[in-house]
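*Asks:* structure for the following, please:
(one chain, ligands or ions: 1)
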Amino acid sequence: MLKLHLAEGLVGVSGVSIPIGNSKESKESPGSTWPKDIIALEPGETAWDVVLKKIKELSDSDCRDAFMVADLDVLASRHQVFRQALPRVSPFYAVKCNSSPWMLRVLAALGTSFDCSSQGELEQVLDLGVAPSRIVYANPCKPVSHIRFASLHGVKLLVFNSEEELIKVAQHHPGARLVLWWTQDSDSIFPLSSKFGARLEVCEHLLESARDLGLAVVGTSFHVGSRCQTPRNFMKAIVDCWPVFEMGSRIGHDMSLLDIRGGFSREEGSDPEFEEVAGMINTALAQDFPEGSGVEVIAEPGHFYATFVCTTTVNIIAKKAVLEPGGRRKLLYYLNDGHYGTFRIFPRESEPRMPIMVKELSPKLSLFPCTLFGPTCDAFDKLFLKEVQLPELDVGDWLVFPFMGAYTSVLSSTFNGSSPTSICYAVGPELRSLLETTP
Ligand SMILES: Cc1ncc(COP(=O)(O)O)c(C=O)c1O
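*Replies:* Numbering: from 1, shown residues only. I've put the predicted structure just below:
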């Protein structure tokens, strides 16, 4: 359902092309007091219509800048899907994944809580009027000044994974409620355990150190790694949390919180289905932390909430055809967004994303191996490590990349004089009235 909403069945299909004329004309609401970057969707209109309309407008002008469209209704529906699939789990959205003010505002209005990793993120969320009790400061390696900021502003829930962190917290935030992060991420695309998490063998020592320093540990957490490929890992990690809970209680801590963090799949071909992951989590929770056990369960989803929200549209600003040894014809396309813009995360992925081409093309056109370069003067500025198969396109043509909401705009830089890709936010009538009535 969601996929249709985004791209009307065109999603993820290699070499799909559509003519610009498909766009429905959308009207800005007259007399609207909404900021310019918000586009009010009419009933029946979609964010995809907005993408096509913008392409048409820009094509009629001299300026064919890259742009992003964020569909805030999709964000709201991801929240709904998460809540329905995991009714025991309270989501604390991972702000680092996409911290755009409108994303956070919508989530705050929907009642989501937040996972912050730095003082900057704490400030951003607190400035929205979110209660400090709805925040977990989830970075286990925090600068002293940020710990003090959390203390001053009443953010009590803090994650740790080392004795050195406990010493800083005891000195600067003795009233903290601590969550011990232990390690379990053997099968994910972006593992975290080389940087974060305590090994199970040292948990007892850490729990005793916290007690000896007068600190309260309230729970434990793990992170299976971003985009976990094996749903069973969630189940195993939850089951493995039980001994840490017992250990903590025996040592004298009031253990009442389980944080299952992020790593949920994006529900695309390459990842396990979210429903399967959720089923495993629900089974493990019912077995080891049943309702009525007094244990609150939270999660810190990032990818799951943000991935589908944004679409990036780029323009071909230059092109070069080369003949490789053996006579193979290869096309180099130079785009106005790239590795130093919103595509920075993609070299970590094994397969390139396939764009949608906004052009009327014959289905019989030959495909060529193509490298997609970004606009800067750095040779490493490629969208993907591997080639993609595309037809012959022209300077001025548009390529649309859906599923660009997670770890994209937050990572972009101003390298080589680039300005950030502009974002506009499409919002439907229902969500608009929620935002209007939420301070
Ligand atoms: C502490 C923490 N929580 C949550 C997340 C979000 O993970 P994901 O985007 O895979 O859901 C991350 C990702 O790096 C993380 O480090």
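*Asks:* low-confidence regions, the stretch 51-200 of the chain specifically.
*Replies:* For the stretch 51-200 of the chain, the stretches with pLDDT under 70 are 184-193.
*Asks:* residues from it in reach of the ligand?
*Replies:* Residues of the stretch 51-200 of the chain lying near the ligand by C-beta under 6 Å from any ligand atom: 94, 97, 115, 138, 192. Glycine gets a C-beta too; all of them are placed from N, C-alpha and C.
*Asks:* ok, now the stretch 201-350 of the chain?
*Replies:* Applying C-beta under 6 Å from any ligand atom, we find that the stretch 201-350 of the chain lies next to the ligand at 223, 226-227, 261-264, 300-304.
*Asks:* kindly recompute the last result at 5 Å.
*Replies:* Neighbours of the ligand within the stretch 201-350 of the chain, by C-beta under 5 Å from any ligand atom: 226, 261-263, 300-303.
*Asks:* and Lys56, how many neighbours?
*Replies:* By other C-beta atoms under 10 Å, 16 other residues sit near Lys56.
*Asks:* one more: the one 5 residues further on?
*Replies:* A count of neighbours around Ser61, defined by other C-beta under 10 Å, yields 8.
*Asks:* and the one 5 residues further on, by the same measure?
*Replies:* Look at Ala66: counted by other C-beta under 10 Å, it has 25 neighbours.
*Asks:* also Asn161?
*Replies:* Asn161: 23 neighbours (other C-beta under 10 Å).
*Asks:* right, and it touches Leu178 too?
*Replies:* No - using C-beta atoms under 8 Å, Asn161 is not in contact with Leu178; the gap is 10.3 Å.
*Asks:* tell me the domain boundaries of this protein?
*Replies:* Residue ranges for the domains of the chain, per automatic domain parsing: 14-19+58-71+307-432, 99-301.
*Asks:* can you map out the helices along the stretch 51-200 of the chain?
*Replies:* If DSSP state H, counting those that start in this stretch is used as the criterion, the helices of the stretch 51-200 of the chain fall at 72-85, 101-110, 119-126, 144-152, 163-172.
*Asks:* list the buried residues for the second one?
*Replies:* Across helix 101-110, burial judged by 16 or more other C-beta atoms under 10 Å covers 102-110.
*Asks:* over to the shortest one?
*Replies:* For helix 119-126, the buried set under the neighbour-count rule, 16+ other C-beta under 10 Å, comprises 119, 121-122, 124-126.
*Asks:* that one - contacts with which helices or strands?
*Replies:* If you count contacts as 3 or more C-beta pairs under 8 Å, 6 or more residues apart in numbering; DSSP states H and E, helix 119-126 packs onto helix 101-110, strand 113-116, strand 135-137, helix 144-152.
*Asks:* next: the first one.
*Replies:* Under the contact criterion of 3+ C-beta pairs under 8 Å, 6+ apart, the helices and strands touching helix 72-85 comprise helix 2-7, strand 89-94, helix 101-110, helix 274-288, helix 303-306, strand 422-427, helix 429-437.
*Asks:* and that helix with helix 274-288, angle?
*Replies:* Relative orientation of helix 72-85 versus helix 274-288 (axes from the mean of the first three to the mean of the last three C-alpha atoms, to 10 degrees): 40 degrees.
*Asks:* try the last one
*Replies:* An angle of 70 degrees separates the directions of helix 163-172 and helix 274-288 when computed by the same axes, to 10 degrees.
*Asks:* contact partners of helix 163-172?
*Replies:* 140-142, 144, 147-148, 151, 158, 160, 176, 178, 205-206, 209-210, 213-215 (C-beta atoms under 8 Å, 6 or more residues apart in numbering).
*Asks:* any chance of a PyMOL selection covering the buried ones in those residues?
*Replies:* Burial among these is assessed by 16+ other C-beta under 10 Å; the matching PyMOL selection reads:
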select buried, resi 140+142+147+148+151+158+160+176+178+206+209+210+215
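*Asks:* between all of the residues of the stretch 201-350 of the chain next to the ligand, which two are separated the most?
*Replies:* Using C-beta to C-beta, those span at most 11.7 Å, a distance reached by Arg261 and His303.
*Asks:* so between the two, which is more surrounded?
*Replies:* Ranked by neighbour count (other C-beta under 10 Å), Arg261 and His303 place Arg261 first, with 28 against 25.
*Asks:* count of residues packed around the residue lying closest to the more buried one once chain neighbours are set aside?
*Replies:* Of all residues not flanking Arg261 in the chain, His223 sits nearest, at 4.1 Å (C-beta to C-beta, 6 or more residues apart in numbering). His223 has 26 neighbours, counted by other C-beta under 10 Å.
*Asks:* straight-line length of stretch 393-411, end to end?
*Replies:* Using C-alpha to C-alpha, to the nearest Å, the end-to-end distance of stretch 393-411 comes out at 28 Å.
*Asks:* great, nothing more from me.
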